[in-house]
Each structure stands twice: as C-alpha cells, then as structure tokens.
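1. Okay, sequence plus prediction incoming.
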Amino acid sequence: MTDRKRHNLIMPVLGALAAIGPFSTDMYLPGFQAIAGGLGTDMAHVDLSLTSYFIGFSIGQLACGPMLDRYGRKKPIVLGLLVYIFAALGCALSPSIDYLIALRFFLAIGGCVGMVGSRAVVRDLFSGSEIARALSVLMMIFGIAPIIAPTIGGMVVTLLGWRFIFGVLAAIAVVVLFAVQWLLHETKQADLSVSLRPGNVVREYLNVFKEREFIVYAGAASAATACLFSYITGSPFVFINLFGFTPTEFGWIYGANACSLVAANHVNRVLLKRYDIKRVLLVCTVVQSAISLLLLAGNYMGFLSKMATLGLIFCFLFCFASIMPNAMGLALQRFSRNAGSASALIGAMQMVVGALASALVSYLHDGTVFPMALMMCASASTALILLVSATLFSTHLSHRREPGESFDN
C-alpha cells in the first residue's frame, strides 16, 4: 500500500477520534430533562455534568500532550479510548447526579486524547500547507457531529431512555478503538528523553510558547474558537426568544450553519492548492472581521432584518471553518519532537478562551443580539490584529535579514 493510500485510510480514523469530543456533549443534550427526572435532581445540577466535562477536557489535554511525545501516538490514544469506554459505561449506570458529574470528568479525560492525538498524527504525516489541508478534512468530519449527534441522542432518549446515550457513546468508542488498532500505524516512536515530571512538563510548554509564530497562530485559532463559542452561547436566545423561531426551526438553522462548516473546509482545501496558506488565512480573517462588524453595527442601529442576520452568521461561520485549520496548521508546523505538547497547548488555549467568550456573552446579556455580535466581532478582530501584526513584523525582519540567514531553530 502506498503512503498516499495509507494516509487516505487513516484520515477517517483521525476524524472519528476528533469527533468523539463533540459527540460526548451534543448527543446527551436532548436528555437533560430525562436525566434530571431519572436521577431525582434539577436542571442546574445536570448542567454541572457539562461543566465537569469541559474542566476535564481542558486539564486532560495538558496532561496527555507530553504522554503523546514520550510514548508515541498510538499507545496514549488507545489508553484514552479505554478510559473513555469505561467512563461512558459508568455514566450509563450512575446511581446519582454526583456520580454522573464525576464520571463525565473522566469521560473528558479519555476523550480529549483522541482530539490532541489526531492533530499530532497529522503533524507527523504532513508538512507545510498539507497540514492545513489534512486538518480541514478533520474539521469536515468534526463539523458533521453537531448535525447528527443531537438527532441520534433525541431518538435514543425517546426509544430507550437517557442511560442508553452513554451506552451508544461507549459502543462508538469501541468501534473507533478497533479502527485505531487495525488501521493507525505508529507515526512517532517513543522518546524517553521527554520527561513527565511536572517541572519539566511546564518547561516544555514554556519552550513551545517561546516560538513567536506559535503564539500568533495559536492565538488566532483560539480567537476563532471564541467566535464559535460566542455563537453557540448566544444563538438559542437570539433565534428562539428574539427572532421567534420554534425549537424545530432552530434545529434546522443550527444544522444549516453546521453544514457551512463542512462546505467551507472543502473550499479551503481547494484554495490551499492554489494559494499560500498565510494568504488564505489572512484574507478569510479580513472577510470574517468585516462580516462581524456589519453584524454588530447592523443590529445595534437596527437596519438588519433577522434573515439578513442569519445570512451574515452563515457567512461568518463559513470563514471560521477556513481560519481554524489554517491557523492550527501554521501553529504546529514548527514542531516535530514535541508536536503532542504543542497540540495540547492549542487545545487548552481554545477551551479557556472559548469558555471566557461564552461567559462574557452570558454576563452581557441584555435581551438583544448585541452581546453575541459584540463578542463575535471582538474575537474576529483580535485574530485579525494578531495576523496583521505578524505579517508586518515578518516583512520588517525580511528587509533586515542578511543573505543566507535563517530563522530556523
């Protein structure tokens, strides 16, 4: 089998690993009310199971990054899937909400390894703009999860009960585990020089932060994530309470916007075959910032209709799906030995910044579109400022560079 065919076979496996995370959140959302009734608690306590998952996902990424660099990619991924399977089965058998909250934490610990590991494997297999094209494939598969996961979860709750949601998640992880064992070859050999001592791990992450390009592009990817979290947090109120769409119509709108992510990733892969990745990233960020500014101004001054707002959000998310893989690809391309740590750090930054944006949308809530639009605009503008500053700085340095001088480590 040629390397190209092997890579094409591996990509769906990596996509499935990356999709476990959104499946773990979106699939059980339709069961919140049933969970509250089944465990004799209220919705506020059920919400804590989502909070514990996000905490576990953030901490888990930072913990698994060095493991992926020390022991290779495959063993930590397999271990993470095993933790995920047992945690999912534990969630299905939870006797109380406290058990469910705790087990959702461990579910996240196991599930995050697949997301971090999939990006690290992409970095092992590809270089340059090929990293972004491969990440676009992962994003395309990743984008399908929000479309089908709530539907599957709703059917399972209706037909079998909420506990079977976690049984289905465990079954999905088992299938992915077998696929990893059979189809995913080891892309990085174990490196025992990578220390797992806390002090050394912190120093390794600090070394990653010393790379200026990593800060710029990981920051841009995190700002893009803040755009998405702002939309996710604000859209239910805006679409249902403010615009008057029914929950069913909201589901169709949500699905259409998720489809834009899938379509945009295909377009991004085509663009990367013709244009430089940095150029594509900058142009998409400029367009997204312009759209967000129009969205903010239009709703603040009242000249945008609700359908025009929906159209702008669709275009905004279309740009997001091109920005994310390109920014992550550029952030990772300088790393090989410690790609796992770099991937984990990007993921942790995204979760922290995304959670902050989500909290600010909730805090600024005033019964209008303004808080959501403001955070979307602020996040997109932050990404643009980072990229423009990096471009100007690189141009300045290129004029001062001596012939034959290199900036490589």
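-> That came through, no problem.
2. got a list of contacts for stretch 154-171?
-> The contact list for stretch 154-171 (CB atoms under 8 Å, 6 or more residues apart in numbering) reads 23-24, 27-28, 30-31, 34-35, 38, 84-85, 88-89, 91-93, 107, 152-153. Every C-beta, even on glycine, is put in place using the N, C-alpha and C of the backbone.
3. go again using 10 Å as the cut-off
-> Outside stretch 154-171, the residues that touch it by CB atoms under 10 Å, 6 or more residues apart in numbering are 20, 23-24, 27-39, 84-94, 100, 103-104, 107, 111, 149, 152-153, 251.
4. pLDDT averaged over the host helix or strand of Ile172 - what is it?
-> Ile172 is part of helix 163-183, with elements assigned from DSSP states H and E. The average pLDDT for helix 163-183 rounds to 94.
5. how about the helix or strand following it as PDB, C-alpha atoms only?
-> Using DSSP H and E, the helix or strand that follows helix 163-183 towards the C-terminus is helix 198-209. Extracted C-alpha coordinates of helix 198-209, given in PDB (Å, rounded to 0.1, in the frame of the first residue of the first chain):
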ATOM      1  CA  PRO A 198       5.700  18.300  36.400                       C
ATOM      2  CA  GLY A 199       8.500  20.800  36.400                       C
ATOM      3  CA  ASN A 200       9.900  19.500  33.100                       C
ATOM      4  CA  VAL A 201       6.400  19.400  31.600                       C
ATOM      5  CA  VAL A 202       5.900  23.100  32.500                       C
ATOM      6  CA  ARG A 203       9.300  24.000  31.000                       C
ATOM      7  CA  GLU A 204       8.300  22.100  27.800                       C
ATOM      8  CA  TYR A 205       5.200  24.100  27.500                       C
ATOM      9  CA  LEU A 206       7.100  27.300  28.100                       C
ATOM     10  CA  ASN A 207       9.500  26.300  25.300                       C
ATOM     11  CA  VAL A 208       6.600  26.000  23.000                       C
ATOM     12  CA  PHE A 209       5.500  29.500  24.000                       C
END
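6. Measure how far helix 198-209 is from the centre of its chain, please.
-> Distance, stretch centre to chain centre, for helix 198-209: 23 Å (CA atoms, centre = their mean, to the nearest Å).
7. Determine the set of other helices and strands touching that helix.
-> Judged by 3 or more CB pairs under 10 Å, 6 or more residues apart in numbering; DSSP states H and E, helix 198-209 is in contact with helix 43-70, helix 212-236, helix 339-363.
8. Nearest to Gly15, out of those helices?
-> With CB to CB, the closest approach to Gly15 among those belongs to helix 339-363: 15.4 Å.
9. What is the closest one packed up against?
-> The contact analysis (3+ CB pairs under 10 Å, 6+ apart) places helix 339-363 against helix 43-70, helix 97-125, helix 198-209, helix 212-236, helix 306-332, helix 370-400.
10. Format those helices as a markdown table; extra columns: mean neighbour count and mean pLDDT.
-> Output for the helices and strands packed on helix 339-363, formatted as a markdown table (neighbours: other CB atoms under 10 Å; pLDDT from 0 to 100):
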| stretch | mean neighbour count | mean pLDDT |
| --- | --- | --- |
| helix 43-70 | 20 | 85 |
| helix 97-125 | 25 | 91 |
| helix 198-209 | 14 | 83 |
| helix 212-236 | 23 | 88 |
| helix 306-332 | 23 | 90 |
| helix 370-400 | 18 | 82 |
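11. for these, which one sits closest to Ala16?
-> Closest to Ala16 of the helices and strands packed on helix 339-363, according to CB to CB: helix 97-125, at 8.0 Å.
12. what's the angle between the next helix or strand after that closest one and helix 212-236?
-> Per DSSP H and E, helix 97-125 leads on to helix 129-159 as the next helix or strand towards the C-terminus. Between helix 129-159 and helix 212-236, the angle formed by their directions is 30 degrees, by axes from the mean of the first three to the mean of the last three CA atoms, to 10 degrees.
13. Quick one: mean pLDDT for helix 129-159?
-> Averaged across helix 129-159, pLDDT comes to 79.
14. Keep only those of the contacts of stretch 154-171 that are in helices.
-> The members of the contacts of stretch 154-171 that map onto helices under DSSP state H are 20, 23-24, 32-38, 84-92, 100, 103-104, 107, 111, 149, 152-153, 251.
15. Give me the buried entries from those.
-> Among the ones in helices among the contacts of stretch 154-171, those classed as buried by 16 or more other CB atoms under 10 Å are 20, 23-24, 32, 34-36, 84-92, 100, 103-104, 107, 111, 149, 152-153, 251.
16. The closest residue to Ala16 other than its chain neighbours and Gly80: what is the separation?
-> Once flanking residues are discounted, Ala16 sits nearest to Val176: 4.9 Å by CB to CB, 6 or more residues apart in numbering. Noted for Val176: a distance of 10 Å to Gly80, by CB to CB, to the nearest Å.
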